[in-house]
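Asks: Using only what follows, build the 3D model:
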Amino acid sequence: MGILETVKNLFGFGSSTVLPEEGESIPKPHQRQQTGPPPAAQRRDQVIRFVIDKLRIYQNEPANAPVGLQVLVLCGNPEEEEVYRVAVWASQPGRFQNELNRQLADHYVNLPKDWQFECAFFREQLPACTFREGNLGLVVLDAHRSAGPARRARVTVLVGQAEQPAYLLDPEQKTIFYMGRGRTSQTSSGRVRTNDLVILHEDDPAFDPQIGVGNRAVSRAHATIQFDPAKRSYRLLVDPGGLPASGNKTKLIHPNDTIERADIAGMTYPLQSGDQIELGGEVTLLFELID
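Replies: Sure thing, here's the model as predicted:
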């Protein structure tokens, strides 16, 4: 090969290449653009994050851990379903379950050795499930209770002023609901906490000093309502700001008019439909199951 042919090949002008006419630009070779992880890897991360988030209630609770999980995926077309099938290694039974088990254990969710796993795909709509987020659903199989949709609840403000007159608690979307004065507060560890049930702060533009006269008695991080998927029930956890040591108090007034003081740190108190939650002795919320 002569020097001229070598130079042509070096610049991409082989014998079969047509040289551009004078004034024409030389076409650039096609370059493959990198767009991050493959679609299947992105979907795999999405499914794993979804399951881990919904099972946080089982952290350090091996005795109550589920005996089985069923992941439900709503797909808009065959191509999307194929991507999800690749993501969960549908052709390699046990591989995705092992990876999911490993990552759950990294987040202190320890399932029994013989726990069951299944992944199902749907086109029209997702069936009833314990949790749902976007196009993903999760059925949690408990050893003592049959699988089924979680019951929603409503918290209505009876005394005091909040951002909303009532709040819907949907366990299919999340299982932990924070209550406090103001939308955000900073914990002792420095973490910023965002409240789901917001009692208005007196500096809020919508604050009414007559309606919210007792709002100051509510701590910025007063209490938390948790949904327990294993027992299909809601529980009240009083945060440090709602304990007597912080100058505040929290009570439960049950439908039979009995009063329960919620003043033990770290202890959760079962909630039943019709309970009234008294925050700081001034603000009262009504808890009701609606499904």
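
Asks: Show me what the longest helix belonging to the chain is packed against.
Replies: What stands out as the longest helix in the chain, according to DSSP state H, is helix 39-54. Using 3 or more C-beta pairs under 8 Å, 6 or more residues apart in numbering; DSSP states H and E, the elements in contact with helix 39-54 are strand 68-74, helix 78-87, helix 95-106, strand 131-133, strand 136-141. For the C-beta atoms, the positions are set from N, CA and C on the backbone; glycine is no exception.

Asks: average pLDDT for stretch 274-291?
Replies: Average pLDDT, stretch 274-291: 95.

Asks: buried ones in it?
Replies: Applying a neighbour-count criterion of 16 or more other C-beta atoms under 10 Å, one finds 275-280, 282-288 buried in stretch 274-291.

Asks: got the buried residues for the longest helix of the chain?
Replies: Residues 39, 40, 43, 44, 46, 47, 48, 50, 51, 52, 54 are the ones in helix 39-54 that count as buried (16+ other C-beta under 10 Å).

Asks: and residue 83, how many neighbours?
Replies: Using other C-beta atoms under 10 Å, residue 83 has 16 other residues around it.

Asks: Would you check that it makes contact with residue 43?
Replies: Yes. The pair residue 83 / residue 43 is scored as a contact, 5.7 Å apart, by C-beta atoms under 8 Å.

Asks: before we move on, back to that, can I get the longest helix of the chain in PDB, CA atoms only?
Replies: The C-alpha coordinates for helix 39-54 follow below in PDB (Å, rounded to 0.1, in the frame of the first residue of the first chain):
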ATOM      1  CA  PRO A  39     -32.900   1.100  30.700                       C
ATOM      2  CA  ALA A  40     -33.100  -2.300  32.400                       C
ATOM      3  CA  ALA A  41     -30.600  -1.300  35.100                       C
ATOM      4  CA  GLN A  42     -32.600   1.900  35.800                       C
ATOM      5  CA  ARG A  43     -35.800  -0.100  36.100                       C
ATOM      6  CA  ARG A  44     -34.100  -2.500  38.400                       C
ATOM      7  CA  ASP A  45     -32.900   0.300  40.700                       C
ATOM      8  CA  GLN A  46     -36.500   1.700  40.600                       C
ATOM      9  CA  VAL A  47     -38.100  -1.600  41.800                       C
ATOM     10  CA  ILE A  48     -35.500  -2.200  44.500                       C
ATOM     11  CA  ARG A  49     -35.800   1.300  45.900                       C
ATOM     12  CA  PHE A  50     -39.600   1.000  45.900                       C
ATOM     13  CA  VAL A  51     -39.500  -2.200  47.900                       C
ATOM     14  CA  ILE A  52     -36.900  -1.000  50.400                       C
ATOM     15  CA  ASP A  53     -38.900   2.200  51.000                       C
ATOM     16  CA  LYS A  54     -42.200   0.400  51.600                       C
END
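
Asks: low-confidence ranges in the chain?
Replies: Residues of the chain meeting the criterion pLDDT under 70: 1-37, 143-149, 187-190, 230.

Asks: cutoff 80 now
Replies: Along the chain, segments meeting pLDDT under 80 span 1-38, 128, 142-150, 172, 186-191, 228-232, 291.

Asks: domain ranges for it?
Replies: The chain breaks down by automatic domain parsing into domains covering 39-141, 153-289.

Asks: quick check, nearest of the buried residues of helix 39-54 to residue 203?
Replies: Using C-beta to C-beta, residue 54 comes nearest to residue 203 of these, at 35.3 Å.

Asks: Report the beta-bridge partners for the closest residue to that closest one other than its chain neighbours.
Replies: Distances taken as C-beta to C-beta, 6 or more residues apart in numbering place residue 131 nearest to residue 54, at 4.3 Å, with adjacent residues excluded. Residues in a beta bridge with residue 131, per DSSP bridges, are residue 138.

Asks: Residue 131: neighbouring residues, count only.
Replies: Residue 131, neighbours per other C-beta under 10 Å, totals 25.

Asks: For residue 253, grab the count of nearby residues.
Replies: As a burial measure, residue 253 scores 16 neighbours (other C-beta under 10 Å).

Asks: wait, doesn't it sit right on residue 261?
Replies: No. Using C-beta under 8 Å, residue 253 makes no contact with residue 261, being 10.7 Å away.

Asks: how about residue 214, what does it touch?
Replies: 159, 160, 280, 281, 282, 283 (C-beta atoms under 8 Å, 6 or more residues apart in numbering).

Asks: Quick check: the second one touching residue 280?
Replies: No. Taking C-beta under 8 Å as the contact criterion, residue 160 and residue 280 are not neighbours in contact, 9.0 Å apart.

Asks: Between those two, which contacts overlap?
Replies: Both residue 160 and residue 280 are in contact with 214, 218, where contact means C-beta under 8 Å, 6+ apart.
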